[in-house]
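*Asks:* Coordinates for the following, if possible.
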Amino acid sequence: MNKANVRMNVTAIAVLAMASIPLAADDFPLVGSYTENEPCKADTPAAGRVTITPTQIDSPMGLCKILEVKRNGNTFAVQVECTGPAGNQMLGNVTFTVREDQTIGFSDQDQSYKSVLHRCP
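*Replies:* Below you'll find the model as predicted:
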């Protein structure tokens, strides 16, 4: 194996290792439980909530694995791989924007679905 191949292999391993490191809370402050389009109440059922962790987004629409996050100020562009309720797989991009009132604006890559997420206590 020559030096160029060794460097490429080391770089590939480093990139894979970095991709598997969870984001710190400061890097991804969206971690939490939310309701869509209305304030969260204590009696809001867990099944109706959107839960965001550093590695996945779980919502009534399905479970999404977070593949990549790019931050630009208060906006997070997130690439996801989702499994819908019927088992269908899809790859896409979504955007989260932290608003001044501490709600989070959400939209899909085509802007065809938009909502406002309200953090649950």
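
*Asks:* Which parts of this structure are helices?
*Replies:* For the chain, applying DSSP state H gives helices covering 3-19.

*Asks:* mind showing which ranges of it have poor pLDDT?
*Replies:* By pLDDT under 70, the low-scoring segments of the chain are 1-27.

*Asks:* go again using 90 as the cut-off
*Replies:* Per-residue confidence for the chain (pLDDT under 90) gives these ranges: 1-29, 42-48, 60-62, 84-88, 109, 111, 121.

*Asks:* For it, just list every one of the strands.
*Replies:* Here the chain has its strands, by DSSP state E, at 32-36, 50-52, 56-59, 62-72, 75-83, 89-98, 104-108, 114-119.

*Asks:* Compare those and give me the one nearest Thr44.
*Replies:* Across the strands of the chain, Thr44 has its closest neighbour in strand 32-36 (5.4 Å, Cβ to Cβ). For glycine as for every other residue, the C-beta is placed from the backbone atoms N, C-alpha and C.

*Asks:* Okay, angle between that closest one and strand 114-119 too, please.
*Replies:* With axes from the mean of the first three to the mean of the last three Cα atoms, to 10 degrees applied, the angle from strand 32-36 to strand 114-119 works out at 130 degrees.
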